[in-house]
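[1] here's my sequence, what's the structure:
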Amino acid sequence: MAIKSKIKTTKARLVNKDIVKIAGIQMASGPDINSNLNEAENLITIAANQGAKIIALPEYFSIMTSKDSEKLKAREKPDQGIVQSFLSKQAKKHKVWIIGGSIPLVSKDKNKIRNSCLIYDDKGNLVHRYDKIHLFGFDMGEEYYREDKLIEAGSEIVVVDSPFGRIGIAICYDLRFPELFRAMKDIDLLVIPSAFTETTGKAHWEILIRARAIENQCYVLAPAQGGYHLSGRETHGNSIIVDPWGTILDKLARGSGVITGYLNKDYIKSIRKSLPALKHRTIK
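    Got it, this is the predicted structure:
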């Protein structure tokens, strides 16, 4: 599927907030949606009480299951459903921006879903939606994944102009495709909700996250699924926040919890001034 080159950008009223606390939530979600939402609510509350203004959840935070039929059953229509209502209410309640990891939404194909990240502002309004573009395929030993059997791929690059800066959105396997992030242009923060396998995660996760931060000279917030799931799957975890120099600000290896750090726009400017690599690009 061809990717549309036009970046969809949503504008919001900008305020003078050059330093903002951001938070990522790590979970080991199971197949029960209500249980996952209860855990997510507790962790969102912890992050908000610590002063975070942007809170991001992991991929499939509301349901992790090995059965495609369960994800199909859980898919929601846009602006309808228990999970979307939950995200909106939490954002409004805590007066924070919530980047809702990803949830299954309906697609044009009745036998597939869209793996979608929904972004809500501090009033609980849906600001934008990103549908995962790159679909994971893996075949090594006893591990086998083919996301294209269940997921209908998205085709639009999404950047959100928030009160805290320009936020680029990607999901999990997207991380391996640097051209996606280059196309976003001058972003302050990349948010990449994920559910990396343990096999691929221990080999590549941190390296890829830090590379995306360094080459785009921006912050990266990557909340992940982390641990053993009821389905028997093991996810890598290691939710992480990295600054534009590639320094790790916070990381959580396994289990449920919250990571936090500060996004400092003045620091982004200083890095880009000292090492103007983005201006030195000759291949665009």
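
[2] drop to CA atoms for contacts and neighbour counts, all remaining ones
    OK.

[3] not counting residues beside it along the chain, what's closest to residue 68?
    Of all residues not flanking residue 68 in the chain, residue 150 sits nearest, at 6.7 Å (C-alpha to C-alpha, 6 or more residues apart in numbering).

[4] likewise for residue 198?
    Closest residue to residue 198 apart from its sequence neighbours, by C-alpha to C-alpha, 6+ apart: residue 236 at 4.2 Å.

[5] read off the pLDDT value for that neighbour.
    Note for residue 236: predicted pLDDT of 96.

[6] which SSE is the spatially closest residue to residue 237 that is not a sequence neighbour in?
    Take residue 237 and drop its neighbours on the chain: the residue closest to it by C-alpha to C-alpha, 6+ apart is residue 226, 3.3 Å away. Assigned by DSSP states H and E, residue 226 belongs to strand 226-228.

[7] show me what the helix or strand just after that strand is packed up against.
    For strand 226-228, the succeeding helix or strand toward the C-terminus, using DSSP H and E, is strand 234-236. Using 3 or more C-alpha pairs under 8 Å, 6 or more residues apart in numbering; DSSP states H and E as the contact test, the elements touching strand 234-236 are helix 198-200, strand 226-228.

[8] my guess is residue 253 contacts residue 235, does it?
    No. Because the distance of 10.6 Å does not satisfy C-alpha atoms under 8 Å, residue 253 is recorded as not touching residue 235.

[9] helices of the chain, start to end?
    33-49, 68-74, 82-94, 178-182, 198-200, 206-216, 265-274 (DSSP state H).

[10] just put those in JSON lines and tack on mean neighbour count.
    Formatted as JSON lines, the helices of the chain follow (neighbours: other C-alpha atoms under 10 Å):
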{"stretch": "helix 33-49", "mean neighbour count": "18"}
{"stretch": "helix 68-74", "mean neighbour count": "16"}
{"stretch": "helix 82-94", "mean neighbour count": "19"}
{"stretch": "helix 178-182", "mean neighbour count": "17"}
{"stretch": "helix 198-200", "mean neighbour count": "15"}
{"stretch": "helix 206-216", "mean neighbour count": "20"}
{"stretch": "helix 265-274", "mean neighbour count": "15"}
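
[11] ok, which of those helices comes nearest residue 164?
    Closest to residue 164 of those is helix 265-274 (C-alpha to C-alpha; 8.5 Å).
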